[in-house]
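Asks: The amino acid sequence is not available; the structure is as follows:
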């Protein structure tokens, strides 16, 4: 999002985006995971499955509670408007938020102190481990937790007591950051919901090894006695990479999780659904079967498929939390067992139009194969923008796109957006880059390439009225949005009966009335 502090925040720009969505006749805002980013600044490698990313805290909102002075908001060199420079942005936010914490300790109101104490009490199940983990990360120079001194890396009780006391001030500061994040995000969500916008979150199936969750629950992950992964996650060679994708996340010990009644996962999902309204469950196929690669491999080629927890996991979770609004990310190598699990659970899957034109009319990503229970995308955060994708395709693919859509390929982003909205899919979602008509310069992530991802930003002036109007008209024409006060009326079916064939037509065959 736009913002003067180097990275998008939960301030006015978030509300401006919600206003744009309302103006454009939209009803869902899908976001990436909100966790504190670690390796490669990826939201899919968070330091915690429960915590929020402090980089998204808006300093502009803090003076209202006396947590910063207006003078504290002064900037030196301005940040680029269209890219995140993570190093400088992290340094600036750290300075501002630590100053804010000093203001809190010196002059916070009794009400604010009580709110933070309540937050700490309500979230201690994950907050205590996370705040200590982050304090230790800072103390040990951001080293991976398995490289810390053995007593604290393996969480010996005496070491936990010692370090929690020794790092008390930093632990309390990390708690303060989470309080600010959850408070500001709750306001954004409330603003969106009151405007009629639902927020779709994203739950990565795997946790990064260097995370508070793996450190504090080693028994739930495939680790050796030193805390290092023995088997790691990825996918075999696919559309994105000829050598597969080697993510490096440690695999779960699903048997151990089952013995606990999947308690960690239940708490995780319970927390997620306090922050969003529905969820895209990343790498859904991993619950049916997952690709397991021995730790130390350089690529994902030398892996194997292993059976996942299947329907048992979801049945236990549903008994604990009720029916959950989940969308299954079922892209990639999908076998019959994955489809069967998704259908058994009644979860909608995903369709991506950029995958629809690599082959002939039998391609299941083409809209004439869709059923209602799916979510269609022009592209996802892992794809190029639609303009970037189309420009880089060979002529055979471009020809199939033009033939299928009946267009000449100009304004291809609007063409695919219209194709998505006019499909029978219950939900259609498009990346903001496609709405803005941007090329590969606005691509968000390149799977398999660890550099220069997650940096694109839009500028406020890009959210133009004419774009909102175009989206609104498209949503209305496809029946996905109604004008205020308008309602669709279900028409009575028209029944035509003919006693005789049309002139010149052969007599009806026997049984035609029944047919």
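Replies: Thanks, I have it. Since the model is a prediction, treat every value here as computed from it, not as a measurement.

Asks: what bits of the stretch 201-350 of the chain have low per-residue confidence?
Replies: 240 (pLDDT under 70).

Asks: Which parts of it are helices?
Replies: Here the stretch 201-350 of the chain has its helices, by DSSP state H, counting those that start in this stretch, at 212-216, 254-259, 263-275, 285-288, 311-321, 336-345.

Asks: Mean neighbour count and distance to residue 84 added to those, as TSV?
Replies: In short, each C-beta sits where N, CA and C put it, glycine included. As requested, the helices of the stretch 201-350 of the chain are exported to TSV (neighbours: other Cβ atoms under 10 Å; distance: least, Cβ to Cβ, whole Å):
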stretch	mean neighbour count	distance to residue 84
helix 212-216	24	24
helix 254-259	14	35
helix 263-275	17	22
helix 285-288	22	29
helix 311-321	15	34
helix 336-345	16	35
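
Asks: pLDDT score assigned to residue 77?
Replies: Note for residue 77: predicted pLDDT of 85.

Asks: Would you list the phi and psi of it?
Replies: phi -70, psi 130 (degrees, to the nearest 10).

Asks: Can you tell me how far it is from residue 141?
Replies: According to Cβ to Cβ, to the nearest Å, residue 77 stands 27 Å off from residue 141.

Asks: closest one to residue 161 among the helices of the stretch 201-350 of the chain?
Replies: For residue 161, the closest of the helices of the stretch 201-350 of the chain is helix 212-216, at 14.9 Å, according to Cβ to Cβ.

Asks: list the helices and strands the closest one packs on?
Replies: helix 124-139 (3 or more Cβ pairs under 8 Å, 6 or more residues apart in numbering; DSSP states H and E).

Asks: what does the helix it packs on rub up against?
Replies: Around helix 124-139, the neighbours that count as contacts under Cβ atoms under 8 Å, 6 or more residues apart in numbering are 36, 47-51, 120, 143, 145, 148, 152, 160, 163-164, 167, 170-172, 174-175, 178, 211-212, 215-216, 267, 271.

Asks: Which other helices and strands does the very next helix or strand once past that helix contact?
Replies: On the C-terminal side of helix 124-139, the nearest following helix or strand under DSSP states H and E is helix 150-153. On a contact count with 3+ Cβ pairs under 8 Å, 6+ apart, helix 150-153 meets helix 157-166.

Asks: any idea of the angle the helix it packs on forms with helix 124-139?
Replies: Here the directions of helix 157-166 and helix 124-139 differ by 80 degrees (axes from the mean of the first three to the mean of the last three Cα atoms, to 10 degrees).

Asks: Distance check, residue 443 against residue 403.
Replies: Residue 443 is 26 Å from residue 403, by Cβ to Cβ.

Asks: for the helices of the stretch 201-350 of the chain, which one sits closest to residue 30?
Replies: Evaluated over these, closeness to residue 30 peaks at helix 263-275, with 13.5 Å, by Cβ to Cβ.

Asks: Pick out whichever of residue 443 and residue 403 has more residues nearby.
Replies: Applying other Cβ atoms under 10 Å to residue 443 and residue 403 shows that residue 443 carries more neighbours, namely 22 against 11.

Asks: My guess is the more buried one contacts residue 385. True?
Replies: Yes. Look at residue 443 against residue 385 with Cβ atoms under 8 Å: they come within range, at 6.0 Å.

Asks: Which neighbours do these two have in common?
Replies: Common neighbours of residue 443 and residue 385 (Cβ under 8 Å, 6+ apart) are residue 433.

Asks: Okay, strands next: where are they in the stretch 51-200 of the chain?
Replies: In the stretch 51-200 of the chain, the strands defined using DSSP state E, counting those that start in this stretch lie at 198-203.

Asks: which stretches of it have low pLDDT?
Replies: Answering for the stretch 51-200 of the chain: no residues sit below the bar, that is pLDDT under 70.

Asks: can we see that at 90?
Replies: For the stretch 51-200 of the chain, the stretches with pLDDT under 90 are 75-77.

Asks: Now residue 45: phi and psi?
Replies: Torsion angles at residue 45 (phi, psi; degrees, to the nearest 10) stand at phi -130, psi 60.

Asks: tally of neighbours for the nearest residue to it once chain neighbours are set aside?
Replies: Counting by Cβ to Cβ, 6 or more residues apart in numbering, residue 45 lies nearest to residue 208, which is 4.1 Å off, once chain neighbours are set aside. The tally of other residues near residue 208 (other Cβ under 10 Å) stands at 26.

Asks: Residue 367 versus residue 208, what's the distance?
Replies: 36 Å.

Asks: ok, residue 257 - contacts?
Replies: Counted by Cβ under 8 Å, 6+ apart, residue 257 has contacts 220, 264-265, 309.

Asks: Format the helices of the stretch 201-350 of the chain as JSON lines; extra columns: distance to residue 30.
Replies: Converted to JSON lines, the helices of the stretch 201-350 of the chain look like this (distance: least, Cβ to Cβ, whole Å):
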{"stretch": "helix 212-216", "distance to residue 30": "24"}
{"stretch": "helix 254-259", "distance to residue 30": "28"}
{"stretch": "helix 263-275", "distance to residue 30": "14"}
{"stretch": "helix 285-288", "distance to residue 30": "20"}
{"stretch": "helix 311-321", "distance to residue 30": "21"}
{"stretch": "helix 336-345", "distance to residue 30": "19"}
